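**Q** Sequence isn't available, so here's the structure alone:
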DNA sequence: TTTGCTACTATACACTTGCATAATCATTCT
DNA sequence: AGAATGATTATGCAAGTGTATAGTAGCAAA
């Protein structure tokens, strides 16, 4: 007997499965994230996964791409938008990196899972590189603009070093938040982030909390 | 036919297997780190692992404990030693966290592997908490002493927030170093770390590079 | 040397794994 | 309506999984 089923557009089904994969990894870990477990989570049979993704590896890579996108998108959106002063945008960049879905502890589990694969499978390594460089370039650009607006004239290399430091604080706070979970207040975390960036760069940032696109 | 073997003291064999487990995880990932793979790496049969560790889970937990120890020991050693000024010790703490075996990219893979398990298995969660708190308390203590030495009088809460920020920079730089591997110079990484801590705390740190126990 | 202990090996078992294959059923095109 | 297409299910397989169990052999004590 064959159970009845609904047909779905290619794209939606793929997304469903990728999302189910992420759910599985976050909930039961990569070891228990089998093709069957993902299928069950997505409400389909395991055979279907192989139909849409040639192999489990492909599914995992697709899931990794999705995670990178979810983690960097909010912050990169700030870079793309030309609204606000450089200081404003820098503050919103920090805010975007430490709040919302990005700050979800679940995201840390997923990120850690894939990071642990980077030195194992070169495919992950490549995916990581792309996302990482985009993120740090964004910080570098924003820092450069903010410093320029203050009439400062750091060298390109100095700016790069500052970007590394700022990137590190953001990453570190993000991890700390994801690991300590409910223990640390998200608002406090953000406040520390803003204050740290101010200290690192020697600038003052406006308060951009909550209202994502304040003018 | 039974192959010949050497008997070893309980402790050494356990250490061997834990080390083999870490090697496996770093080289082939947690998925391929099977009991048999670990046994092969340690040069014993799989049955022996179960003899020394009741289950694979126990082996993994033991491996996690080992990693935590390897990662925090050098820095905590700085805290324990009473040599040098507070500023000196703070600088050496940063140095210890970003150099030597701790900075080995392999360490990042291992760390990420276990972090990805924290939200899955509460056992890992507990192990993590212990190590993490010890580390951040150490930073808090060192910062408090350094600020006091400069005649500053931050509140306990302010110091805690600064510790969170400093911890974040160190963690972030450590990760950045582990992921970018040979791309970033370790000395530069350390220099950025020291400079960042100086900026975050508004203090000046001595140069303690290479000579771990300079006066 | 003999005895006892247990670290250690060898083997097997039940179960899970990713993947393959063939049969179905929903949809679309003519 | 009828045929073609391909998304979807059902089922099976070979390899690999953690673990259990029985036997072997190194080593210490007598």
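**A** On my side now, so go ahead. Quick caveat, the model's predicted, so the values are computed rather than measured.

**Q** contacting residues around stretch A:158-166?
**A** Contacts to stretch A:158-166, defined as C-beta atoms under 8 Å, 6 or more residues apart in numbering or on different chains, come from residues A:136, A:139-140, A:143-144, A:147, A:154, A:197, A:200-201, B:169, B:173, B:176, B:184, B:188, B:192, B:195-196, B:199. Every C-beta, even on glycine, is put in place using the N, C-alpha and C of the backbone.

**Q** how far is it from where the chain is centred?
**A** Computed by C-alpha atoms, centre = their mean, to the nearest Å, the separation of stretch A:158-166 from the middle of its chain amounts to 20 Å.

**Q** and it, what's its mean pLDDT?
**A** The average pLDDT within stretch A:158-166 is 97.

**Q** Show me where chain A has its helices.
**A** Counting by DSSP state H, chain A has helices at residues A:10-32, A:35-42, A:46-52, A:56-80, A:86-98, A:105-118, A:122-149, A:156-180, A:186-201.

**Q** And these: which comes nearest residue B:55?
**A** With distances scored as C-beta to C-beta, the stretch of those nearest to residue B:55 is helix A:10-32 (14.1 Å).

**Q** Now do the closest one against helix B:122-149, angle only.
**A** With axes from the mean of the first three to the mean of the last three C-alpha atoms, to 10 degrees defining the directions, helix A:10-32 sits at 80 degrees from helix B:122-149.

**Q** Who are the packing partners of helix A:10-32?
**A** Using 3 or more C-beta pairs under 8 Å, 6 or more residues apart in numbering or on different chains; DSSP states H and E as the contact criterion, the secondary-structure elements in contact with helix A:10-32 are helix A:35-42, helix A:46-52, helix A:56-80, helix A:105-118, helix B:10-32, helix B:105-118.

**Q** in that helix, what's buried?
**A** Of all the residues in helix A:10-32, those buried under the rule 16 or more other C-beta atoms under 10 Å in any protein chain shown are A:13-14, A:16-18, A:20-26, A:29-30.

**Q** of all those residues, which comes closest to chain B?
**A** residue A:29 (4.1 Å; C-beta to the nearest C-beta).

**Q** Isn't the closest one up against residue B:118?
**A** No: when contacts are counted by C-beta atoms under 8 Å, residue A:29 is not listed as touching residue B:118 (9.9 Å).

**Q** Most widely separated two among the buried residues of helix A:10-32?
**A** Comparing every pair within the buried residues of helix A:10-32 by C-beta to C-beta identifies A:13 and A:29 as the most remote, at 24.4 Å.

**Q** remind me which residues of chain A are low pLDDT?
**A** A:1-10, A:210-215 (pLDDT under 70).

**Q** So which residue is smack in the middle of it?
**A** Computing the C-alpha centroid of chain A and ranking residues by C-alpha atoms, centre = their mean puts residue A:71 first, at 1.3 Å.

**Q** So that one sits against residue A:103, correct?
**A** No: the pair formed by residue A:71 and residue A:103 falls short of the contact definition of C-beta under 8 Å, at 10.1 Å.

**Q** Which of the helices of chain A sits closest to residue B:81?
**A** Ranked by C-beta to C-beta, the member of the helices of chain A that lies closest to residue B:81 is helix A:156-180, at 25.1 Å.

**Q** That closest one: which residues count as buried?
**A** Residues of helix A:156-180 classed as buried: A:159-180 (neighbour count, 16+ other C-beta under 10 Å).

**Q** hmm, stretch A:12-26 touching DNA strand D?
**A** Yes: in terms of C-beta under 7 Å from any atom of the strand, part of stretch A:12-26 sits within range of DNA strand D, namely residue A:13.

**Q** Make a markdown table out of the helices of chain A and add distance to residue B:44.
**A** As requested, these are arranged in a markdown table below (distance: least, C-beta to C-beta, whole Å):
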| stretch | distance to residue B:44 |
| --- | --- |
| helix A:10-32 | 23 |
| helix A:35-42 | 32 |
| helix A:46-52 | 36 |
| helix A:56-80 | 31 |
| helix A:86-98 | 46 |
| helix A:105-118 | 25 |
| helix A:122-149 | 31 |
| helix A:156-180 | 35 |
| helix A:186-201 | 46 |
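
**Q** Which stretch among those approaches residue B:67 most closely?
**A** For residue B:67, the closest of these is helix A:105-118, at 12.0 Å, according to C-beta to C-beta.

**Q** so residue A:113 touches residue A:28, yeah?
**A** No: if you go by C-beta under 8 Å, residue A:113 and residue A:28 don't touch, sitting 11.2 Å apart.

**Q** Let me have the helices of chain A in TSV, extended by distance to DNA strand C.
**A** What follows is the helices of chain A, written out as TSV (distance: least, C-beta to the nearest atom of the strand, whole Å):
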stretch	distance to DNA strand C
helix A:10-32	6
helix A:35-42	4
helix A:46-52	4
helix A:56-80	4
helix A:86-98	32
helix A:105-118	14
helix A:122-149	13
helix A:156-180	25
helix A:186-201	35
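
**Q** Between the ones you listed, which one is closest to residue B:90.
**A** Go through the helices of chain A one by one with C-beta to C-beta and the one that ends up closest to residue B:90 is helix A:186-201, at 15.7 Å.

**Q** For PyMOL, what selects the buried ones among the contacts of stretch A:158-166?
**A** Filtering the contacts of stretch A:158-166 down to the buried ones (16+ other C-beta under 10 Å) takes a single PyMOL command:
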select buried, (chain A and resi 136+139+140+143+144+147+197+200+201) or (chain B and resi 169+173+176+184+192+195+196+199)
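
**Q** Residue A:20 is in contact with residue A:41, isn't it?
**A** Yes: between residue A:20 and residue A:41 there is a contact under C-beta under 8 Å: 4.0 Å.

**Q** What backbone torsions are found at residue A:205?
**A** For residue A:205, the backbone dihedrals are phi -110, psi 150 (criterion: degrees, to the nearest 10).

**Q** Next, count neighbours for the residue nearest to it when sequence neighbours are not counted.
**A** Computed as C-beta to C-beta, 6 or more residues apart in numbering or on different chains, the closest residue to residue A:205 that is not its neighbour in sequence is residue A:91, at 4.2 Å. Applying the criterion other C-beta atoms under 10 Å in any protein chain shown, we find 27 residues in the vicinity of residue A:91.

**Q** There's contact between residue A:91 and residue A:208 in this structure, I believe.
**A** Yes: because the distance of 4.5 Å satisfies C-beta under 8 Å, residue A:91 is recorded as touching residue A:208.

**Q** Could you tell me how many residues sit around the closest residue in space to residue A:146 that isn't next to it in sequence?
**A** In space, not counting the residues next to it along the chain, residue A:146 is nearest to residue A:86; the distance is 4.2 Å by C-beta to C-beta, 6+ apart. Burial of residue A:86 is recorded as 18 neighbouring residues (other C-beta under 10 Å).

**Q** Lovely, talk soon.
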